[in-house]
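Q: have a look at this fold, sequence not included:
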């Protein structure tokens, strides 16, 4: 490469936030992915992506914190929305063990929100990247799998392949079909997307010194 060309390439690298001596392959990956590695104020090089690939993690966090807020509200004795659960839960919702369980699930959902944020926020670099990606993938798989199994069973019942139990004609069953199953599916998709986008950012970050 001629001195003039090297100077232009070095200027391009600096413009992207990369060091002038960054290998050309890393520059090409950074250009293609619109992703760079920059030094954050609290120390360390953390792979950060453009907003086009971080929206899924932020959306998963919002989903998780909203779901956690619902659980905390119901655990504290809130009544709004409690009729959407079905007769089985309604019969035990005043029990001490069940209230404790709802508090625990609320905390678990809030932890899921922190997990999603750890994929895209600088403080997430304190945790092993592979562990964060694995946990996000597992959470997404469980949520999406639960929703798809329920929706699949209801579809088979609708076409007569499976017998429809009497409980499926209740109002709570319609709440599950129209609200809770799609809600769980949305959360699962968001966590899976967050993990997918996170893998892409980690790959580019690893290639960029």
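A: Everything's here; your move. Only a predicted model underlies this, so the values are computations on that prediction, with no experimental measurement involved.

Q: for residue 160, give me phi and psi.
A: The phi and psi torsions at residue 160 (degrees, to the nearest 10) take the values phi 90, psi 0.

Q: how close does it get to residue 92?
A: With distances taken as Cβ to Cβ, to the nearest Å, residue 160 is found 33 Å from residue 92. All C-beta spots, glycine's among them, are computed from the backbone N, C-alpha and C.

Q: show me which of these two is the more surrounded one.
A: Neighbours per residue, other Cβ atoms under 10 Å: of residue 160 and residue 92, the larger number sits with residue 92, 11 against 8.

Q: which residue, other than its chain neighbours, is closest to the more buried one?
A: residue 98 (4.9 Å; Cβ to Cβ, 6 or more residues apart in numbering).

Q: Three-state assignment for that neighbour, please.
A: helix (DSSP: H, G, I helix; E, B strand; the rest coil).

Q: that one is in contact with residue 104, isn't it?
A: No. Under the contact definition of Cβ atoms under 8 Å, residue 98 does not touch residue 104, with a separation of 10.5 Å.

Q: which elements pack onto the longest helix anywhere in the chain?
A: For the chain, the helix reaching the highest residue count under DSSP state H is reported as helix 129-158. With contacts defined as 3 or more Cβ pairs under 8 Å, 6 or more residues apart in numbering; DSSP states H and E, the packing partners of helix 129-158 are helix 96-118, helix 181-207.

Q: before we move on, the earlier item: quick one: the residue nearest to residue 92 and residue 85, what's the gap?
A: Residue 98 is 11 Å from residue 85, where distance means Cβ to Cβ.

Q: helix/strand/coil for residue 163?
A: coil.

Q: give the burial count for it, as a bare number.
A: Burial measure for residue 163: 8 neighbouring residues, criterion other Cβ under 10 Å.

Q: now it: phi and psi?
A: Backbone geometry at residue 163, expressed as degrees, to the nearest 10, gives phi -70, psi 140.

Q: in contact with it, which residues?
A: Taking Cβ atoms under 8 Å, 6 or more residues apart in numbering as the contact definition, residue 163 lies against residue 157.

Q: ok, it to residue 175 distance?
A: The span separating residue 163 from residue 175 equals 21 Å under the rule Cβ to Cβ.

Q: same question for residue 185.
A: According to Cβ to Cβ, residue 185 and residue 175 sit 15 Å apart.

Q: list the contacts for residue 139?
A: Residues in contact with residue 139, defined by Cβ under 8 Å, 6+ apart, are 112, 115, 188, 191.

Q: swap in 7 Å and give it another go.
A: Applying Cβ atoms under 7 Å, 6 or more residues apart in numbering to residue 139 gives the contacts 112, 115, 191.

Q: right, and the last one touches residue 136 too?
A: Right, the one you point to is residue 191. Yes. Here residue 191 lies in contact with residue 136, judged by Cβ atoms under 7 Å, at a distance of 5.2 Å.

Q: hey, least reliable of the helices and strands packed on helix 129-158 by pLDDT?
A: Between those, the one with the least mean pLDDT is helix 181-207; it has a mean of 83.

Q: which helices and strands sit right next to it?
A: In this structure, helix 181-207 packs against helix 24-33, strand 35-39, strand 45-49, helix 51-75, helix 129-158, with contacts taken as 3 or more Cβ pairs under 7 Å, 6 or more residues apart in numbering; DSSP states H and E.
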